[in-house]
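Peer 1: give me the fold of what follows.
(4 chains)
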There are 2 protein chains.
Amino acid sequence: MNIGEASGRSGLPAKTIRYYEDIGLIRPDRSDNGYRDYSSDDVHKLRFLHRSRSLGFSVDECRQLLALYEDKSRASADVKEIATSKLTEIDRKIRELTELRRTLEHLVHACHGNERPDCPILEELSEG
Amino acid sequence: MNIGEASGRSGLPAKTIRYYEDIGLIRPDRSDNGYRDYSSDDVHKLRFLHRSRSLGFSVDECRQLLALYEDKSRASADVKEIATSKLTEIDRKIRELTELRRTLEHLVHACHGNERPDCPILEELSEG
DNA sequence: CTTGACCTTCCAGCGACGGGAAGGTTCATA
DNA sequence: TATGAACCTTCCCGTCGCTGGAAGGTCAAG
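Peer 2: Numbers count the residues shown, from 1 in each chain, chains lettered A, B, ... in the order given. Model prediction:
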């Protein structure tokens, strides 16, 4: 099938699919007219990539996951390790954002938000 | 003072300070030798930028905040609006990450993480 | 007089695409 | 059969917020 259909079936934009080919993630056949020709297995991998990306894995992590996926003799521990370290990373991000949120909410709360120029937010940014 | 000292006092790398000048955020004087020459007011603004950035504001939002900071007749409501919309955005990010975290944790929990090849994580990525 | 720590400009790259130009292919319709 | 739309191709540039490095100028100390 052409890239448009592969895009429709995988949920990935055609641009992204071409990009994934550029960086060596997936290599479809070519038809005689030069068009990319995707098999249903290719689409399967594209969906795998789509899902992995949306779960927060970097493209490089997706590359590892895909390699493990294709390696029928892999140990599940190898996959779990990647996922676990991703989980730790997500936890860290959530903590950082929560801390940031607290500070910002404190500032927003302190600011009158009226027509007068005095503003605790700017004061804090200026002095903090 | 030279850029090195401004860097030390503001906490921003010299590279970043030059970049901020490139994009028109802050324009220091120049000494006769062509070196940038920062006033203590400049350093104040650099610290303002540093703090705003670390609070999650984009460079463009920082530009707005800095303009408001320098406009002595601004209304605090204008600042509050920027901060509030940032807060909303942060909330959204936290929600997304939390959702993602839940899914990922579920997967990690389901995976044995042993030497055998069967792996619920890959299965889910493949089918989800 | 040299060394080393500064400073300058410019150019390139990161991640993960997206936009758009310029052109080839295919298919349906007038 | 012509033509126009809807595909497809490659290529290059732009995004955001820096960061690294090369090539070279300046300055203070020994």
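Peer 1: give me the residue from chain A nearest DNA strand D.
Peer 2: Distances between chain A and DNA strand D by CB to the nearest atom of the strand are smallest at A:G4, namely 2.6 Å. Where C-beta positions appear, they are placed from N, C-alpha and C, glycine not excepted.
Peer 1: mind checking which helix or strand that residue is in?
Peer 2: helix A:3-10 (DSSP states H and E).
Peer 1: ditto for A:K72
Peer 2: A:K72 belongs to no helix or strand, assigned by DSSP H and E.
Peer 1: contacts only, for it.
Peer 2: Contact analysis of A:K72 by CB atoms under 8 Å, 6 or more residues apart in numbering or on different chains lists B:P117.
Peer 1: what about it, distance to A:K80?
Peer 2: 17 Å (CB to CB, to the nearest Å).
Peer 1: can you tell me what sits against the one helix or strand A:Y19 maps to?
Peer 2: If you go by DSSP H and E, A:Y19 is part of helix A:14-22. The contact list for helix A:14-22 (CB under 8 Å, 6+ apart) reads A:3-4, A:6-7, A:10, A:12, A:26-28, A:36, A:46, A:49, A:59.
Peer 1: for the next helix or strand after it, packing partners?
Peer 2: Counting by DSSP H and E, the next helix or strand C-terminal to helix A:14-22 is strand A:29-30. When contacts are defined as 3 or more CB pairs under 8 Å, 6 or more residues apart in numbering or on different chains; DSSP states H and E, strand A:29-30 sits against strand A:36-37.
Peer 1: what's the domain layout of chain A?
Peer 2: A:1-74, A:76-128 (automatic domain parsing).
Peer 1: how about A:L66, what does it touch?
Peer 2: So A:L66 contacts A:25, A:45, A:48-49, A:52 (CB under 8 Å, 6+ apart).
Peer 1: could you dump those into JSON lines and include distance to DNA strand D?
Peer 2: Shown next, in JSON lines, are the contacts of A:L66 (distance: CB to the nearest atom of the strand, whole Å):
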{"residue": "A:L25", "distance to DNA strand D": "15"}
{"residue": "A:K45", "distance to DNA strand D": "16"}
{"residue": "A:F48", "distance to DNA strand D": "20"}
{"residue": "A:L49", "distance to DNA strand D": "17"}
{"residue": "A:S52", "distance to DNA strand D": "21"}
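Peer 1: could you tell me which of those residues count as buried?
Peer 2: Applying 16 or more other CB atoms under 10 Å in any protein chain shown to the contacts of A:L66, the neighbour count classes A:25, A:45, A:48-49, A:52 as buried.
Peer 1: how about the residues of chain A near DNA strand C?
Peer 2: A:13, A:15-16, A:19, A:32-34, A:53, A:58-60 (CB under 7 Å from any atom of the strand).
Peer 1: Throw the domains of chain A into CSV and include mean pLDDT, thanks.
Peer 2: Output for the domains of chain A, formatted as CSV (pLDDT from 0 to 100):
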stretch, mean pLDDT
domain A:1-74, 95
domain A:76-128, 91
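Peer 1: next, format those as TSV and append distance to B:D118.
Peer 2: Putting the domains of chain A into TSV (distance: least, CB to CB, whole Å) gives the following:
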stretch	distance to B:D118
domain A:1-74	10
domain A:76-128	6
